[in-house]
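Trainee: Sequence and computational prediction follow.
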Amino acid sequence: MDRRSLLGLMAAGALTPRQMAADEQAAKAVRALPSPKIKDVQVIATAPDGLRLVVVKILTDQDGLYGYGCGTFTQRADLVVAAVEKYLRPFLIGKPTDRIEDLWQAMYDSSYWKNGPVLNNAISGVDQALWDIKGRQCGLPVYQLLGGKCREAVDCYAHAGGAEIPQLIENVKQLRAKGFRNIRVQIGVPGMAGYGAGPSDVKVEKLHNDPVFEPEAYLHRALKMFEAVRQEFGDEIELLHDVHERISPIQAVRFAKEVERFRLFYLEDALSPEDIQWFRLIRQQCSTPLAMGELFNSPHEWTPLISERLIDYIRVHVTQAGGLTPCRKIAALGEFFGVKTAWHGPGDVSPFGHAANITLDLVAYNFGIQECNQFSEKVRSVFPGCPEIRNGYYYINEAPGWGIEVNEAEAKKYPYGYGEGGTREKNNGGWGIIRRRDGTVIKQ
Ligand code: GCO
Ligand code: MG
């Protein structure tokens with residue numbers, strides 16, 4: 001507390017001269033504390049659920065003071081590890097931890113060319129670790145450093161999928177029983193690789209041996225799915241759907257109009273980032289709420305969509321934009337244009353990344369909804385302190401910083417697979433190739 005405040009309290013009789021002298025000593029002692037310096041920057045590369053996670057750990061010159069941040073780009077995780085170890089570590093050692101914005105700008109500028117997924121994730125890992133350190137220093141959860149809560153907890157949505165409609169309906173019922181009010185619904189297409197819907201053993205004619213996907217077959221099934229889900233559950237649940245960039249722009253215009261009658265909470269990724277100019281046409285022709293952003297890495301992508309009110313929910317993958325520091329600015333920008341937040345939150349975000357999402361959700365007035373990950377026991381064993389989900393709400397751990405630790409011995413039990421484990425590991429962490437019948441590669 002500064003001298004003037006102390007004098008005020010003493011004049012008001014709330015403080016005796018002796019107390020004031022003691023407080024002044026305390027204030028002087030705090031001011032004299034040297035700001036922590038970065039002593040080391042390490043990367044924890046672990047895949048407890050077969051999805052490659054990247055966590056940056058910053059150690060400071062003050063004993064016991066360290067922080068963690070998420071830098072997860074699961075498809076190119078090894079490149080983020082290298083970007084941190086080869087470039088950011090030598091750049092950061094010896095620098096103060098308490099100037100987060102300044103360090104963020106310096107890291108962002110130091111590569112000259114910027115706004116790409118690998119370097120942004122590397123910066124995010126450091127950025128989020130610096131916020132963790134500041135919280136640990138103050139003894140406060142990060143959301144308190146950003147002004148405190150706008151809401152008690154964070155309303156989430158969970159994923160329901162099915163190869164056939166009855167299976168999907170059953171999955172929705174199970175999520176309803178867990179208390180979820182908001183559910184993303186995805187349906188398979190017989191013989192095809194429907195997004196988020198599980199495999200199908202039906203054979204379809206095709207000119208190659210890769211998984212196949214035909215947009216019109218998917219669009220036809222999706223409309224049947226919405227009919228059936230609304231028939232079964234009425235209007236009592238909020239429905240979300242992820243197109244995952246898999247149809248043409250003009251199909252997206254038509255589909256957004258066709259689903260208007262199902263009153264979706266939002267239609268996600270109707271377009272690829274390369275086609276975002278088409279949002280103007282969708283906007284002019286229907287009122288289906290639109291969400292976009294998980295594939296964005298640059299201000300040139302989110303700024304026009306927000307400032308022209310072409311979407312309703314901005315869905316950036318926080319680490320792809322460079323971490324908490326830039327994303328609190330995206331949230332603030334959205335508030336002025338009526339765009340709400342819906343940060344990307346799948347299994348290929350570490351618990352630190354989910355804690356950053358929830359922190360942004362708690363402090364932003366224009367919070368929309370949060371995609372959640374029901375962490376497995378393996379993930380929880382590596383990351384004690386993971387956020388909890390109760391009755392469809394996310395609850396942050398109230399401990400200082402992100403409130404999460406890393407059991408590094410456990411993390412070592414789950415190295416990146418390179419061939420073993422799930423599909424992603426068989427693809428060296430990459431996104432599997434899917435083709436049209438004639439062999440044309442489908443985006444995402
Ligand atoms: C979502 C996303 C994910 C991505 C995945 C890519 O809405 O959660 O589309 O499912 O496909 O994060 O690695
Ligand atoms: Mg998505």
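Mentor: Now that the structure is in, tell me what you want to look at. Ligands and ions are numbered 1, 2, ... in the order given.
Trainee: which bits of the chain sit near ligand 1?
Mentor: With Cβ under 6 Å from any ligand atom as the criterion, the chain meets ligand 1 at residues 74, 242, 244, 294, 344, 346, 348, 371. C-beta here means a position set from N, CA and C on the backbone, and glycine is covered the same way.
Trainee: how near is whichever residue of the chain sits closest to ligand 1 to ligand 2?
Mentor: Going by Cβ to the nearest ligand atom, ligand 1 is nearest to residue 346 of the chain, at 3.5 Å. Per Cβ to the ion, to the nearest Å, residue 346 is found 7 Å from ligand 2.
Trainee: coming back round to it: tell me which two of the residues of the chain next to ligand 1 sit farthest apart.
Mentor: 74 and 242 (16.9 Å; Cβ to Cβ).
Trainee: tell me the contacts of residue 171?
Mentor: By Cβ atoms under 8 Å, 6 or more residues apart in numbering, the residues touching residue 171 are 160-162.
Trainee: still on that earlier bit, just send the residues of the chain next to ligand 1 back as a markdown table, with neighbour count and pLDDT too.
Mentor: Shown next, in a markdown table, are those (neighbours: other Cβ atoms under 10 Å; pLDDT from 0 to 100):
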| residue | neighbour count | pLDDT |
| --- | --- | --- |
| 74 | 23 | 96 |
| 242 | 22 | 98 |
| 244 | 21 | 97 |
| 294 | 23 | 98 |
| 344 | 24 | 98 |
| 346 | 17 | 96 |
| 348 | 22 | 95 |
| 371 | 25 | 98 |
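Trainee: out of these, which are inside strands?
Mentor: 242, 371 (DSSP state E).
Trainee: wait, doesn't residue 403 sit right on residue 383?
Mentor: No: at 10.5 Å, residue 403 does not count as touching residue 383 under the criterion of Cβ atoms under 8 Å.
Trainee: When those two are compared, which one has more neighbours?
Mentor: Neighbour totals were compared for residue 403 and residue 383, and residue 383 leads with 28 against 21 (other Cβ atoms under 10 Å).
Trainee: count of neighbours near the closest residue to that one other than its chain neighbours?
Mentor: Using Cβ to Cβ, 6 or more residues apart in numbering and skipping the chain neighbours, the partner closest in space to residue 383 is residue 351 (4.2 Å). Number of residues near residue 351 (other Cβ under 10 Å) recorded here: 27.
Trainee: Could I get the average pLDDT for the one helix or strand residue 124 maps to?
Mentor: Per DSSP states H and E: residue 124 is located in helix 117-138. Averaged over helix 117-138, pLDDT sits at 98.
Trainee: Which other helices and strands does it contact?
Mentor: Applying 3 or more Cβ pairs under 8 Å, 6 or more residues apart in numbering; DSSP states H and E, we find helix 117-138 packed against strand 53-60, strand 66-70, helix 77-82, helix 100-110, helix 142-145, helix 324-336, helix 351-363.
Trainee: What ranges in this structure fall below the confidence cut-off?
Mentor: Scanning the chain with the threshold set as pLDDT under 70 gives 1-33, 419, 421.
Trainee: re earlier: need the contacts of residue 171 in JSON lines with secondary structure, can you?
Mentor: Shown next, in JSON lines, are these (DSSP: H, G, I helix; E, B strand; the rest coil):
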{"residue": "160", "secondary structure": "strand"}
{"residue": "161", "secondary structure": "strand"}
{"residue": "162", "secondary structure": "strand"}
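Trainee: quick check, nearest of those residues to ligand 2?
Mentor: Ligand 2 lies nearest to residue 161 out of the contacts of residue 171, by Cβ to the ion, at 12.6 Å.
Trainee: List the residues that contact the closest one.
Mentor: Residue 161 sits next to 168, 171, 185-188, 196-198 when contact means Cβ under 8 Å, 6+ apart.
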